[in-house]
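Chemist: Need a 3D model of the following:
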Amino acid sequence: MVELGRLVAHLNDFLLVKIFEESAINGLQISGKKQVQRVAFAVDGVYETFKLARQQGADLMIVHHGLYWGFQWALRGPDYQRVKLLMDSEIALYAAHLPLDAHRQVGHAANLLLRVGADPSSLLPFGSYRGQTIGFSAVRPQLKRTEMDGLLESVLGGPVQTLPFGPNKVSRIACVTGQGADFGLLREAKNSQIHYYISGEANHPVYHFAKEHKLNIALGGHYRTEVFGLHALSNYLTETFALDCFFIDVPTGM
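Modeler: Numbering: from 1, shown residues only. Presented below is the predicted three-dimensional model:
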């Protein structure tokens, strides 16, 4: 069992939450029990995952998408019900958005790249955003693009939408998960001579951008690309603090 304040301070330092400028409020969003033993992890901090965390006896919940995004709104309707469930159950809520995207050890992008065969020693920070990087690039043994598509689908456990406009053989790969297929990041991929760029989702204009710039872009879904860091952080807290950690899987299909 670990004191909540001590655990939060450790997470804030380990995940470097203070260096990221974004709309999400990273760190402890709702306080709870003073002592923590059982920790739930989920991609989304919503009523459904909160309810499952309560059913499984969580003292603390760590999510990628928290409740607060730069402003406070009135607590009524579903917003009130979410907060009430946590407070009635004394479940603390901790959110890590960009800090979990960007982390080399427990980040989504780094762990996803390792799962698709990237050489760990080749990992380099990638994806500039407001003075920080939020993803990674790496090198892996060369594969045909279609083979890489199949490998990624196997790792993600579902179909991948590919914009196959780049080289047929790939070895230089990069990843920014979630909504990481924006024009700025794709230009960085082009300038860095990335053969295969992995993200979660993209807007309609990205199709022609990829075609005109001869890029391979693989879109594996926002949710499915953002479970890797949570599993890695869960393992880290289990090993570091002997906490009882578990993952709540509520896929959105998006």
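
Chemist: per the record, what domains does this structure have?
Modeler: If you go by automatic domain parsing, the domain ranges for the chain are 2-99+227-247, 101-222.

Chemist: Any idea which of the ones you listed gets closest to Met254?
Modeler: Counting by Cβ to Cβ, Met254 lies closest to domain 101-222 out of the domains of the chain; the figure is 5.4 Å. Heads up, the C-betas are built off the backbone N, CA and C, glycines and all.

Chemist: gap between the closest one and the chain center?
Modeler: 14 Å (Cα atoms, centre = their mean, to the nearest Å).

Chemist: you'd agree Asp249 is in a strand?
Modeler: No: with DSSP: H, G, I helix; E, B strand; the rest coil as the criterion, Asp249 is assigned coil and is not in a strand.

Chemist: That one: neighbour count?
Modeler: Neighbour count for Asp249, taken as other Cβ atoms under 10 Å: 12.

Chemist: if I look at it, how far off is Arg130?
Modeler: 31 Å (Cβ to Cβ, to the nearest Å).

Chemist: Any buried residues in the longest strand seen in the chain, and which?
Modeler: Ranked by residue count, the top strand of the chain under DSSP state E comes out as strand 132-144. By 16 or more other Cβ atoms under 10 Å, the buried positions in strand 132-144 come out as 132-140, 143.

Chemist: Let me have these in CSV, adding pLDDT and distance to Thr49 as columns.
Modeler: Shown next, in CSV, are these (pLDDT from 0 to 100; distance: Cβ to Cβ, whole Å):
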residue, pLDDT, distance to Thr49
Gln132, 96, 27
Thr133, 98, 28
Ile134, 98, 23
Gly135, 98, 25
Phe136, 98, 27
Ser137, 98, 31
Ala138, 98, 31
Val139, 98, 36
Arg140, 98, 33
Leu143, 97, 35
